[in-house]
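*Asks:* just a sequence and a predicted model for now, questions to come.
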Amino acid sequence: MLNNDLFKEVKEHVFKLFKETLPKGAVYHNYNHTLQVVNAAHEIALAEKLSDNNLEILLLAAWFHDVGFTLSHENHEENSKKIAAEYLNKKEFSKETISKVQSVIDATKMPQEPTNQLDEIICDADLFHLGTIDFDNTSKLLRLEQEQLFGKKLTDTEWLKESEQFLSNHSYFTHYAFEKLNAQKNINWVTIKNDLIKASKKFEDQELKEKAKKESLHLKKQRDKRPGRGVETMFRVTHRNHMKLSDIADTKANILLSVNAIILSIALSSLFPKLDKPDNYYLIYPTLLFLLITVVTMIFSILSTRPKVTSGKYTKEDIKNKKVNLLFFGNFNKIPLTDFQEGMLDMMDDEDYLYQSLTNDLYYLGKVLDKKYKLLRIAYSIFMYGIIISVIAFIISFEIMKTQA
């Protein structure tokens, strides 16, 4: 029957419809699928010994059951019935036959609920691929079509769950389809279940990784909210620079002390014994000026290195009110160890207090450096200008001596 003139014309008409008007996204419900359904329906109908009249109705319905996709993918069965009725009316089929064809097309709606033998055959033919070895490829085409036409984006796990549920709930209606296809359908079902287990495990592992990643990002954000490594490095580098500057100041003070001590010792041992002679009276004032400058320079050098002594005591109330800096030894040198340990633990638990103490420590180190360098500048200025003045004084004294001589 498939090769008679009527079905040759129907085949050509359906092929032309699909070729010219089917959307590109319809990669499953197309001419190839329709041809497979027609052949499967014919195969089942022959096995079920369907009458010629009913076979004609069945095959017409099979050819037209998905042509509605050429108009719209939504509610395509109604469109298929309309296209079939228009074509069959032109071919002068009876209203009864057209109605039966439309009824069989209706049976392909999901979920399948066949009411007679023709419905059962076309339902089995429409899902014939479930029991074939080509099931996987067909399933991929169906998934792609749903993504492109229906916008149904599913993960691998979600798609496998739907497929597994569909296969587990499906049963072939005709005796022939059940005997021929059910064994392979069960194999396909087991394969889907195994794939689902693997995909679920992979999905769970991925979720765990994503969760771990989110927790890591959360912890990173929490750390970012606190003063981080950059701030701690700033404190460390700045503190080290302050200490280096303090060492430089002490070194400069020691140089002045050493130089002036040498000058003073030479003056006392060589110059002073000569002042008691009447001929050397003109050296008295330059020498005293020179010694005065040396002594004053040494005094300012000593002042720049002299440590400041603090009380070394504080109360728990001071810690509570954040009034004491426990990072400086002068603030805790006279208290018991247990009180100091308790205070340090309190400070370490209070981040604001800790960074406030570090900031205060830097500030007061800066204040000490400021005082050191101011005194050093005075000492160096006194020494520099004093040497010049002393030399000038000695020159003037020698000139006076020459004039008097």
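*Replies:* Okay, I see it.
*Asks:* mind checking the SS state of residue 43?
*Replies:* Here residue 43 is recorded as helix under DSSP: H, G, I helix; E, B strand; the rest coil.
*Asks:* from residue 135, how far off is it?
*Replies:* Distance of residue 43 to residue 135, computed by Cβ to Cβ, to the nearest Å: 17 Å. Every C-beta, even on glycine, is put in place using the N, C-alpha and C of the backbone.
*Asks:* so between these two, which is more surrounded?
*Replies:* Per other Cβ atoms under 10 Å, whichever of residue 43 and residue 135 has more neighbours is residue 135, with 20 against 17.
*Asks:* which ones are touching the more buried one?
*Replies:* 129, 184, 185, 188 (Cβ atoms under 8 Å, 6 or more residues apart in numbering).
*Asks:* of the residues you listed, buried ones?
*Replies:* Among the contacts of residue 135, the ones that count as buried by 16 or more other Cβ atoms under 10 Å are 129, 185, 188.
*Asks:* export those to JSON lines and tack on pLDDT and secondary structure?
*Replies:* Output for those, formatted as JSON lines (pLDDT from 0 to 100; DSSP: H, G, I helix; E, B strand; the rest coil):
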{"residue": "129", "pLDDT": "95", "secondary structure": "helix"}
{"residue": "185", "pLDDT": "95", "secondary structure": "helix"}
{"residue": "188", "pLDDT": "94", "secondary structure": "helix"}
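*Asks:* and which of those is nearest to residue 385?
*Replies:* residue 188 (104.5 Å; Cβ to Cβ).
*Asks:* and the gap between residue 247 and residue 205?
*Replies:* Distance from residue 247 to residue 205, by Cβ to Cβ: 58 Å.
*Asks:* can you pull out the helices in the stretch 251-400 of the chain?
*Replies:* Secondary structure of the stretch 251-400 of the chain by DSSP state H, counting those that start in this stretch: the helices cover 284-305, 316-320, 337-349, 351-404.
*Asks:* contacts for the first one next, please.
*Replies:* Put plainly, it is helix 284-305. Here helix 284-305 has contacts from 249-250, 253-254, 256-257, 260-261, 263-264, 267, 271-272, 275, 371-373, 375-376, 378-379, 382-383, 386-387, 389-390, 393-394, 396-397, using Cβ under 8 Å, 6+ apart.
*Asks:* restricting to C-alpha, output it in PDB.
*Replies:* Extracted in PDB, the C-alpha atoms of helix 284-305 (Å, rounded to 0.1, in the frame of the first residue of the first chain):
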ATOM      1  CA  ILE A 284      93.000  82.400  77.000                       C
ATOM      2  CA  TYR A 285      89.800  83.800  75.500                       C
ATOM      3  CA  PRO A 286      89.900  81.800  72.200                       C
ATOM      4  CA  THR A 287      90.800  78.600  74.100                       C
ATOM      5  CA  LEU A 288      87.900  79.100  76.600                       C
ATOM      6  CA  LEU A 289      85.500  79.800  73.700                       C
ATOM      7  CA  PHE A 290      86.800  76.700  71.900                       C
ATOM      8  CA  LEU A 291      86.300  74.600  75.000                       C
ATOM      9  CA  LEU A 292      82.800  76.000  75.600                       C
ATOM     10  CA  ILE A 293      81.800  75.100  72.100                       C
ATOM     11  CA  THR A 294      83.100  71.600  72.500                       C
ATOM     12  CA  VAL A 295      81.300  71.100  75.800                       C
ATOM     13  CA  VAL A 296      78.000  72.500  74.500                       C
ATOM     14  CA  THR A 297      78.200  70.300  71.500                       C
ATOM     15  CA  MET A 298      78.700  67.300  73.700                       C
ATOM     16  CA  ILE A 299      75.800  68.300  75.900                       C
ATOM     17  CA  PHE A 300      73.400  68.400  73.000                       C
ATOM     18  CA  SER A 301      74.700  65.100  71.600                       C
ATOM     19  CA  ILE A 302      74.100  63.500  74.900                       C
ATOM     20  CA  LEU A 303      70.600  65.000  75.100                       C
ATOM     21  CA  SER A 304      69.700  63.500  71.700                       C
ATOM     22  CA  THR A 305      70.600  60.000  72.900                       C
END
